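Chemist: Curious how this folds, go ahead:
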Amino acid sequence: MSALIILGALPGTALTGDEDDLGARALHEDSWSTPVLGPDDLTRHGPVHPASPPADAVLGEQPSYYDDGCHVGTRGTDVLPGCLYGDPSSSVEVAMVGDSHIGRLFPALEEIAAREQWALRTYTKSACAFVDEPRGTAYQACDDYNAALRAHLANDPPDIVLTLAKRQKVADGYVRTWSWLQSIGVEHVVALWDSPQPAGLVPAECVADAISSGTDLTTCAMELPDADSGNPSMRTAAEQVPAARFLDLRDWVCPQSRLSPRCPAVLGRAQVYALGSHLATVFGDTLADPIHQRLHEMGVATYRPSVDRVGGADRYESAALLSRDVRPGGRVFVASGSDYPDALAAAARAGDGGAVLLTRRASLPAATRTALVRLQPSQILVVGGASAVDRSVLTDLQALGGEVRRVAGDDRYDTAAAVAGLAPAQHGGTVYVSSGAGFADALAAAAQAGRVDSPILLVRPGSVPEATARALDQLTPRQVVVVGGVAAVGDEVLDRVHALTGARTTRVGGADRYATAALLAGGTAARSELYVTSGTVFADALAAAPAAAAVDGAVLLVRPGSVPAPTSDAVRDLDPARIVLVGGPAAVTDTVQRTLIRLVR
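Modeler: So this is what the prediction gives:
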């Protein structure tokens with residue numbers, strides 16, 4: 001699986017926990033199998049998540065299922081059978097069993113259950129490992145709870161048990177317990193890596209103090225004793241029970257770094273530890289993809305985490321995040337984030353090595369500014385007239401250094417023609433033509449045009465504007481691809497384009513924007529990368545076009561809450577190595593992401 005670019009908030013912004021480069025997600029490069037530590041992943045300064053100081057934000061946190069009354073405290077002995085998450089209607093039942101440590105992974109396990117369409121039941125009790133090794137008078141309530149849980153599971157065995165607990169030096173007890181689970185029909189028992197007690201400091205308190213004083217956060221690096229790491233008893237037991245596997249996560253929690261053998265207290269801007277030996281729940285949440293990948297490799301999970309999200313707080317931040325893989329020093333286009341025509345022309349012309357960033361009319365968004373500082377472009381081309389991008393924005397851009405130039409015409413048709421003529425203009429090649437009256441069919445065209453270094457020109461539904469006619473004459477194309485159905489671009493326009501150019505003129509148009517995008521993607525090679533974005537707004541799709549072109553990929557469209565049939569069919573046919581879902585959950589829901597995961601083989 002090729003590199004994934006799920007990106008999150010830009011440095012200095014407040015963190016929400018949804019950022020796609022937060023915590024363990026920051027270690028994702030080529031796959032979710034092996035973490036790769038980048039130069040900025042060892043966080044040195046705030047902000048961090050949960051926000052600190054005070055340390056209470058992380059020390060006092062609890063998993064969400066606690067609020068549902070689905071965790072048993074130290075005195076309780078009753079099993080809580082009604083605590084069901086994931087897909088309640090599923091015929092595959094997964095039991096999350098153990099002490100409060102596995103609860104820290106609940107957000108990740110709940111997400112995996114939703115992807116896999118599993119019914120996830122929680123069976124956790126404070127300081128109580130599910131192991132056949134009685135505690136007696138030291139903790140009779142734990143023994144009583146385990147006896148009740150055994151009776152409950154024997155009556156209704158789950159298909160899969162995910163377990164984790166702090167209790168060690170009871171390997172034989174785990175062997176007996178997991179062998180019993182196997183005997184009652186449990187197909188898979190997966191023991192998850194357990195987080196050991198940090199030695200010498202309380203990480204959350206150190207982080208709070210460091211942020212208050214401006215101290216480098218790497219000074220809070222922890223010692224995690226290898227002798228306790230991951231619960232050696234569970235590791236040993238997993239080797240002796242055929243149905244059992246051990247899922248190691250230490251490399252995602254404590255990757256090899258200049259701090260080794262110590263481990264960072266903050267990784268990818270997320271605090272790693274909460275109270276005592278508990279992982280912070282927000283960090284546990286970021287382990288969903290690594291856990292899902294390893295469950296898939298074990299044969300426990302059907303699907304793999306093949307869909308990565310690039311989503312900022314708004315269209316400006318999403319466009320900035322999409323530019324992160326662009327090599328610095330090149331040409332960058334800046335266009336209005338409020339209307340589509342200028343961004344459409346820019347997206348196609350950016351080709352497979354540039355970027356399209358978005359701006360407000362009268363002010364440069366912070367995310368765009370930060371991206372430009374990172375990219376250090378030799379040339380910034382502002383697409384659109386003063387009514388689209390005010391002179392004040394150009395002044396701000398000039399202050400960043402490099403050449404700043406406006407590319408604009410009298411109207412959107414003239415502007416698109418001017419962009420198409422930018423050096424190096426391709427003569428005798430292919431030109432894409434789309435409606436200038438609506439963006440629906442054009443959304444996916446920019447990626448296809450950029451992939452073959454072709455421009456996009458705009459037409460009216462029933463006529464070819466003079467500026468477009470002049471551009472066609474200058475470009476002398478051998479082929480013209482008209483994008484959209486007859487309602488968007490009439491047959492008379494095709495006839496006129498052919499008369500003007502003598503070029504082979506074809507139409508690519510489906511029943512709707514989703515079908516048109518699927519048709520445009522039809523020539524994409526199998527096992528490539530697909531970019532998927534909302535078909536109801538233009539900004540994310542057009543910003544994604546250069547990124548898709550750079551990897552010889554394509555752009556497909558979805559509804560905010562569902563995947564249309566043409567898009568589903570295209571994903572199955574193209575069999576992508578990965579999908580990049582562009583836009584935050586407000587633009588494209590998690591339901592869409594999960595559906596796409598289940599479409600990828």
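
Chemist: what's Ser336 sitting at in phi/psi?
Modeler: Main-chain dihedrals, Ser336, degrees, to the nearest 10: phi -60, psi 140.

Chemist: For it, which non-adjacent residue is spatially closest?
Modeler: In space, and not counting its chain neighbours, Ser336 is closest to Ala388: 4.3 Å by Cβ to Cβ, 6 or more residues apart in numbering. Using the backbone N, CA and C atoms, a C-beta is placed for each residue, glycine as well.

Chemist: so what's that neighbour up against?
Modeler: The contact partners of Ala388, taken as Cβ atoms under 8 Å, 6 or more residues apart in numbering, are 335-336, 338-339, 342, 361, 408.

Chemist: So which residues of the stretch 301-450 of the chain form strands?
Modeler: Taking DSSP state E, counting those that start in this stretch, the strands of the stretch 301-450 of the chain run over residues 307-310, 331-336, 355-359, 379-383, 403-407, 430-435.

Chemist: Tell me which of the ones you listed is the most buried.
Modeler: Highest mean neighbour count of the strands of the stretch 301-450 of the chain: strand 355-359, a mean of 29 (counted as mean count of other Cβ atoms under 10 Å).

Chemist: so for it, what's the average pLDDT?
Modeler: Strand 355-359 carries an average pLDDT of 97.

Chemist: Can you tell me which helices and strands it packs against?
Modeler: Applying 3 or more Cβ pairs under 8 Å, 6 or more residues apart in numbering; DSSP states H and E, one finds that strand 355-359 contacts helix 315-322, strand 331-336, helix 340-350, helix 366-375, helix 539-550.

Chemist: Among these, which comes closest to Asp40?
Modeler: Asp40 lies closest to helix 366-375 among those, at 11.1 Å (Cβ to Cβ).

Chemist: dump the residue contacts of Gln426.
Modeler: 453-455, 475.

Chemist: which of the residues you listed has the most neighbours?
Modeler: Per-residue neighbour counts (other Cβ atoms under 10 Å) across those peak at Pro455, which has 26 neighbours.

Chemist: for it, what are its contacts?
Modeler: Pro455 sits next to 345, 348-349, 416, 419-420, 425-426, 431-432, 449, 471, 475 when contact means Cβ under 8 Å, 6+ apart.

Chemist: Correct me if wrong: Ala348 contacts Ser454.
Modeler: Yes - the criterion here is Cβ atoms under 8 Å, and Ala348 meets it with Ser454 at 6.9 Å.

Chemist: Need the overlap of contacts for these two.
Modeler: The contact sets of Ala348 and Ser454 overlap at Tyr432 (Cβ under 8 Å, 6+ apart).

Chemist: Now do the residue with the largest distance to the centre of the chain against Asp144, distance only.
Modeler: Distance from the centre of the chain peaks at Thr137, with 48.3 Å (Cα atoms, centre = their mean). Shown here: Thr137 relative to Asp144, a distance of 12 Å by Cβ to Cβ, to the nearest Å.

Chemist: Low-confidence regions, the protein specifically.
Modeler: Scanning the chain for pLDDT under 70 picks out 1-14.

Chemist: before we move on, the earlier item: now the residue nearest to Ser336: phi and psi?
Modeler: Torsion angles, degrees, to the nearest 10, at Ala388: phi -90, psi -40.

Chemist: what about it, distance to Ala345?
Modeler: Here Ala388 is placed at a distance of 12 Å from Ala345 (Cβ to Cβ).

Chemist: what do you get for His28?
Modeler: For His28 relative to Ala345 (Cβ to Cβ), the value is 33 Å.

Chemist: Could you do Leu494 as well?
Modeler: For Leu494, the distance to Ala345 - Cβ to Cβ - is 20 Å.

Chemist: between those two, which one's more packed in?
Modeler: Ala345 (36 against 19).

Chemist: Might you report the residue contacts of the more buried one?
Modeler: Neighbour list for Ala345: 383, 415-416, 419-420, 455-456, 458 [criterion: Cβ under 8 Å, 6+ apart].

Chemist: What of Gln379?
Modeler: Here Gln379 is in contact with 330-332, 402-405 (criterion: Cβ under 8 Å, 6+ apart).

Chemist: Look up the residues forming beta bridges with it.
Modeler: Arg331, Glu403 (DSSP bridges).

Chemist: Stretch 131-148: end-to-end distance?
Modeler: One end of stretch 131-148 sits 13 Å from the other (Cα to Cα, to the nearest Å).

Chemist: middle-most residue in the chain, spatially?
Modeler: By Cα atoms, centre = their mean, the mean C-alpha position of the chain lies nearest to Arg309, the distance being 2.4 Å.

Chemist: How about the contacts made by it?
Modeler: Residues near Arg309 by Cβ under 8 Å, 6+ apart: 6, 20, 580-584, 593.

Chemist: Which of the contacts of Gln426 fall within helices?
Modeler: Judged by DSSP state H, the subset of the contacts of Gln426 located in helices is Leu475.

Chemist: Adding distance to Leu247, write the strands of the stretch 301-450 of the chain out as JSON lines.
Modeler: As requested, these are exported to JSON lines (distance: least, Cβ to Cβ, whole Å):
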{"stretch": "strand 307-310", "distance to Leu247": "21"}
{"stretch": "strand 331-336", "distance to Leu247": "43"}
{"stretch": "strand 355-359", "distance to Leu247": "38"}
{"stretch": "strand 379-383", "distance to Leu247": "47"}
{"stretch": "strand 403-407", "distance to Leu247": "52"}
{"stretch": "strand 430-435", "distance to Leu247": "48"}
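
Chemist: Looking at these, which is nearest to Ser568?
Modeler: Smallest distance to Ser568 across the strands of the stretch 301-450 of the chain (Cβ to Cβ): 13.2 Å, for strand 307-310.

Chemist: the helices in the stretch 151-300 of the chain, which residues?
Modeler: Here the stretch 151-300 of the chain has its helices, by DSSP state H, counting those that start in this stretch, at 171-183, 203-213, 232-238, 250-253, 281-285, 288-297.

Chemist: Quickly compare those helices and say which is most buried.
Modeler: Among the helices of the stretch 151-300 of the chain, helix 281-285 has the highest mean neighbour count (mean count of other Cβ under 10 Å), at a mean of 26.

Chemist: What is that helix packed up against?
Modeler: Judged by 3+ Cβ pairs under 8 Å, 6+ apart, the packing partners of helix 281-285 are helix 106-116, strand 270-271.

Chemist: To Thr524, which of the ones you listed lies closest?
Modeler: Checking these against Thr524 by Cβ to Cβ gives helix 106-116 as the closest, at 24.5 Å.

Chemist: next helix or strand past that closest one?
Modeler: Using DSSP states H and E, the helix or strand that follows helix 106-116 in sequence is strand 119-124.

Chemist: quick one: strands adjacent to that next one?
Modeler: strand 84-86 (antiparallel), strand 93-98 (parallel).
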